[in-house]
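Colleague: Okay, here's the prediction I keep looking at, along with the sequence it came from:
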There are 2 protein chains.
Amino acid sequence: MPGARADERMIARFDALFAELSEIGRANGTGLHRLAFGAADAEARAVFAARAGALGLHVHTDEIGNQFALVRPPAPADRTVLLGSHLDSQPDGGRFDGQLGVAAALAVVAELGAGGGTGGGADGGTGGASSAGAGAANVGAVNWANEEGARFQPSVMGSSVFTGQLALRPALAARDAGGAALGEELAQRGLAGGTALPGTVVAYAELHVEQGPVLEREGIELGIVDRTWAAYKADVRVHGVQTHTGPTPMAQRVDALAAAGRLIAQLRELGLADPEQALHTAAAWMRITPNSPNATPSLVEFKAELRSPDEARLRAARAALTAAAGELERETGVRCEFGVWSERRAVGFDPAAVALASAAVAAAGIRARRVPTIAGHDAVIMNAAGIPTALLFTPSADGITHHAAEYTAPADQHRGVRALAAVAAALIARV
Amino acid sequence: MPGARADERMIARFDALFAELSEIGRANGTGLHRLAFGAADAEARAVFAARAGALGLHVHTDEIGNQFALVRPPAPADRTVLLGSHLDSQPDGGRFDGQLGVAAALAVVAELGAGGGTGGGADGGTGGASSAGAGAANVGAVNWANEEGARFQPSVMGSSVFTGQLALRPALAARDAGGAALGEELAQRGLAGGTALPGTVVAYAELHVEQGPVLEREGIELGIVDRTWAAYKADVRVHGVQTHTGPTPMAQRVDALAAAGRLIAQLRELGLADPEQALHTAAAWMRITPNSPNATPSLVEFKAELRSPDEARLRAARAALTAAAGELERETGVRCEFGVWSERRAVGFDPAAVALASAAVAAAGIRARRVPTIAGHDAVIMNAAGIPTALLFTPSADGITHHAAEYTAPADQHRGVRALAAVAAALIARV
């Protein structure tokens, strides 16, 4: 564990960074509204770079706008341990989702770069800062670009491009609701660098808020993610026939919005009906054509998502949704199309990384439990790319998230920062 | 009736005007996409003014952008008979809704202005052109601004401002979905004049497509509107609690979109269930906040409308909708607010005007029937303002409307133009 002064310094840096970042795009009291690549996000990114530089770290930005702050200048021969999360937020979101992990990563990497004590880890050794500063591993904090996918789809974009799971070109071509292209926004704001990060990332750790009520309810201090829920997300297109909302006889109408509304209500019922609460369903985004008060829509598009830890249950729910759409077609004359927007298997996190993280956290005296992640995270993408990955959850008060009231108490924040430091040291010691 | 040559000239002018206007904002084959005060609407308005000028008519434009083309320069002492409709369309709309009536009005007024024979009417007399050209009444064609209310709400805006049922200031302050203010759009495109139309409008006639299937189905050549359906239109706001679509337990979610979807599906069922098909219900416009794929919405707003010829039935349906919303609140935790967006009584058209129109149309040899109007029209607004008003419907093929496939056969169009001429002559003769 870091010495008492190093620990104090690390926590003080975390607190200062977190407080400073929380003012950028602050909205709805203590919430955040900082959509990817907008003005507030650009300001937060500038602060990330400036504070990293002041801490003696070397900043590298890649083509999609991922920001890296490294202990050593990055080089092609590097074997790098990354810690990080994201600085973008949901519209009217909270200040912990993403930002907690970035501030923690910068504070931890700064200690490592300063040669402060960062021993400990799975083997109780004393690797860490000295090995990071001069040894085999380079170490860095990362701010992944556009994790939320609120303004530009898809989500987890930066880590997906970084790991080659999403090609750069379609990512840059993504457009927001106002028609702005992501690539042009990056260029205009000077947010993208010219090259990928040199070297190889050999391990990744991320601290994030749970965004659910389990840890708090069960009195667990920290979650160590050992598996993901499976997810099926569909782009649903409901085709109706545009007509006047007034004179057209009811029986003659092919009303795409009424049909989509019924299907979305049924989608929610599917999730609610699951006896083990192991099926989460939602639709949160919709586009209506023409969206004119006096014309029943010709087209209603929405994004349906279903999540479960159990792939068979997910398949059954997906079949039930498709069946409901078929019934809707027969009853109302609409035509429903389903396109796959995103599909994720239920996968385990690298068992060695989970074991290492569990041991490091236990050695640091933190009461942890292994938990699944229901939400997607950059850590899920890194793990899927075969990079040994540790994802740590701090409790979320009442499970509230994507909301200004999102809250994690200071003691839980600090415990999370220390857990990240312990896991980082263990990962570095293994390189 | 007009002489054979005058009739031929009137129909030829109508055909030419209708064909020319149909090219402006043409979309989806033979449809129209000509939203109020947009580029295509501005072009159609310029054509209206240019053709009116070429026909020797005097063009006056008022502060909200209503265009009048008058036989005589308008003067404060005028007692004016107006014929008209609107040139704006729904998004992806049809080419007959509105445009038919404006082209017909210009063709009829041009004949009246030219001193062509426009006798006939209720008393079979021979008033008309000569009385219009030099007698008591001034006569004009009108293109009412923003009838559709698709881009800027409310609908029937131009006629509502003209008759004082809507104040000019809030109309000019209306904003489209992109945030553009109506008043600024008018100013930038130079579409508004400085003053109201001088004089007093003593009668109004409008030719419009039925937008429903009744006339065609019953083999009626022309509908003479003698009453309106009542309408209740509500701005519904469904408040939820924004949260992550993934980790939040289903039972903890207060999902505004699922709730709104269910309510809209129930609204449609209300209409479908009416045993006499005397209740039409719909929602066609919706706004979702924040409309991010991973955040269940905090707010879903939609416009609900209910129409019936029977006010008691409408009240019962409105109560049923409110009750459904109350049940939804108790079951799901959302909060529903209802604001009145528009409310129209079931009213009769001025009986004298209906009788006069019926007689004029019968004298012209056209097989007509009295019908209600379910949709709102500028004529409904004029009638509500106490102006003797005749609203004539031509058949709509299959009742299709607000759609590119909207169609009225040439013979029905021409019959409508002749009916309008006959009714205009009768109205003028009565001044």
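Modeller: Received it, and whenever you're ready, just let me know what you need.
Colleague: need the strands for the stretch 101-250 of chain A, in chain order.
Modeller: Assigned by DSSP state E, counting those that start in this stretch, the strands in the stretch 101-250 of chain A fall at A:137-144, A:200-209, A:222-228, A:230-239, A:243-244.
Colleague: Can you identify the element that follows the last one toward the C-terminus?
Modeller: Counting by DSSP states H and E, the element after strand A:243-244 in chain order, helix or strand, is helix A:256-272.
Colleague: residue ranges with poor pLDDT in the stretch 1-150 of chain A?
Modeller: A:1-2, A:115-135 (pLDDT under 70).
Colleague: I'd like the strands of the stretch 101-250 of chain A laid out as CSV, including distance to B:Ile400.
Modeller: Every residue, glycine included, has its C-beta placed from N, CA and C. Output for these, formatted as CSV (distance: least, C-beta to C-beta, whole Å):
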stretch, distance to B:Ile400
strand A:137-144, 50
strand A:200-209, 53
strand A:222-228, 49
strand A:230-239, 16
strand A:243-244, 7
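Colleague: Would you mind putting those into JSON lines with mean neighbour count and distance to chain B alongside?
Modeller: Compiled in JSON lines, those are given as follows (neighbours: other C-beta atoms under 10 Å in any protein chain shown; distance: least, C-beta to the nearest C-beta, whole Å):
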{"stretch": "strand A:137-144", "mean neighbour count": "31", "distance to chain B": "15"}
{"stretch": "strand A:200-209", "mean neighbour count": "26", "distance to chain B": "10"}
{"stretch": "strand A:222-228", "mean neighbour count": "23", "distance to chain B": "10"}
{"stretch": "strand A:230-239", "mean neighbour count": "22", "distance to chain B": "8"}
{"stretch": "strand A:243-244", "mean neighbour count": "30", "distance to chain B": "5"}
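Colleague: Quick check, central residue of chain A?
Modeller: A:His377 (3.4 Å; C-alpha atoms, centre = their mean).
Colleague: Name the nearest residue to the residue of chain A positioned farthest from its centre, ignoring sequence neighbours.
Modeller: Distance to the chain centre peaks in chain A at A:Pro247, reaching 47.9 Å (criterion: C-alpha atoms, centre = their mean). Leaving aside its chain neighbours, A:Pro247 sits nearest to B:Gly212 (3.6 Å; criterion: C-beta to C-beta, 6 or more residues apart in numbering or on different chains).
Colleague: Correct me if wrong: the one you found contacts B:Thr373.
Modeller: No. Using C-beta atoms under 8 Å, B:Gly212 is not in contact with B:Thr373; the gap is 9.1 Å.
Colleague: Please say which of those two ends up with more neighbours.
Modeller: B:Gly212 (29 against 24; other C-beta atoms under 10 Å in any protein chain shown).
Colleague: per-residue confidence for that one?
Modeller: Looking at B:Gly212, its pLDDT stands at 95.
Colleague: now it: how far from A:Ala171?
Modeller: Separation of B:Gly212 from A:Ala171 (C-beta to C-beta, to the nearest Å): 49 Å.
Colleague: and what of A:Ala136?
Modeller: For A:Ala136, the distance to A:Ala171 - C-beta to C-beta - is 32 Å.
Colleague: Also A:Leu306?
Modeller: Counting by C-beta to C-beta, the separation of A:Leu306 from A:Ala171 is 25 Å.
Colleague: next one: A:Ala75
Modeller: Applying C-beta to C-beta, the value for A:Ala75 to A:Ala171 is 26 Å.
Colleague: Which one's more surrounded, the two?
Modeller: Higher neighbour count among A:Ala75 and A:Ala171: A:Ala171, with 23 against 11, using other C-beta under 10 Å.
Colleague: quick one: the more buried one from chain B, how far?
Modeller: A:Ala171 is 16 Å from chain B, where distance means C-beta to the nearest C-beta, to the nearest Å.
Colleague: how about the closest residue to A:Phe338 other than its chain neighbours, what does it touch?
Modeller: Excluding its sequence neighbours, the residue lying closest to A:Phe338 (C-beta to C-beta, 6+ apart) is A:Ala234, at 4.8 Å. Applying C-beta atoms under 8 Å, 6 or more residues apart in numbering or on different chains, we find A:Ala234 in contact with A:303-305, A:321, A:338-341.
Colleague: between these, which has the most around it?
Modeller: Going by other C-beta under 10 Å, A:Ala304 tops the contacts of A:Ala234 with 24 neighbours.
Colleague: is the host helix or strand of that one up against chain B anywhere?
Modeller: In this assignment (DSSP H and E), A:Ala304 forms part of strand A:299-308. Yes. Contact of strand A:299-308 with chain B (C-beta under 8 Å from any C-beta of the partner chain) involves A:303, A:305, A:307.
Colleague: Can you list the helices and strands that that strand packs against?
Modeller: Here strand A:299-308 touches strand A:230-239, helix A:256-272, strand A:280-289, helix A:311-332, going by 3 or more C-beta pairs under 8 Å, 6 or more residues apart in numbering or on different chains; DSSP states H and E.
Colleague: Tell me which of these lies nearest to B:Glu185.
Modeller: Among the helices and strands packed on strand A:299-308, the nearest to B:Glu185 by C-beta to C-beta is strand A:280-289 (22.2 Å).
Colleague: does any bit of the helix or strand that the closest one is followed by sit next to chain B?
Modeller: Going down the chain from strand A:280-289, the next helix or strand is strand A:295-296, by DSSP H and E. Yes. Interface with chain B: strand A:295-296 contributes A:295-296 (C-beta under 8 Å from any C-beta).
Colleague: How about A:Pro297: what's its closest non-neighbour residue?
Modeller: Here the residue nearest A:Pro297, using C-beta to C-beta, 6+ apart, is A:Ala256, at 4.5 Å.
Colleague: any idea of the pLDDT on the one you found?
Modeller: A:Ala256 is given a pLDDT of 98.
Colleague: Could you tell me how many residues sit around it?
Modeller: Around A:Ala256 there are 28 residues (other C-beta under 10 Å).
Colleague: cool, and A:Asp15?
Modeller: 16.
Colleague: same question, A:Glu327
Modeller: Residues near A:Glu327, counting by other C-beta under 10 Å: 13.
Colleague: partner residues bridging A:Tyr204?
Modeller: A:Leu82, A:Thr389 (DSSP bridges).
Colleague: now swap in A:Val139 and tell me
Modeller: Under the criterion used (DSSP bridges), A:Val139 bridges to A:Val81.
Colleague: What of the one 5 residues further on?
Modeller: With beta bridges defined as DSSP bridges, A:Trp144 has these partners: A:His86.
Colleague: right, and it touches A:Asn66 too?
Modeller: Yes. Between A:Trp144 and A:Asn66 there is a contact under C-beta under 8 Å: 5.6 Å.
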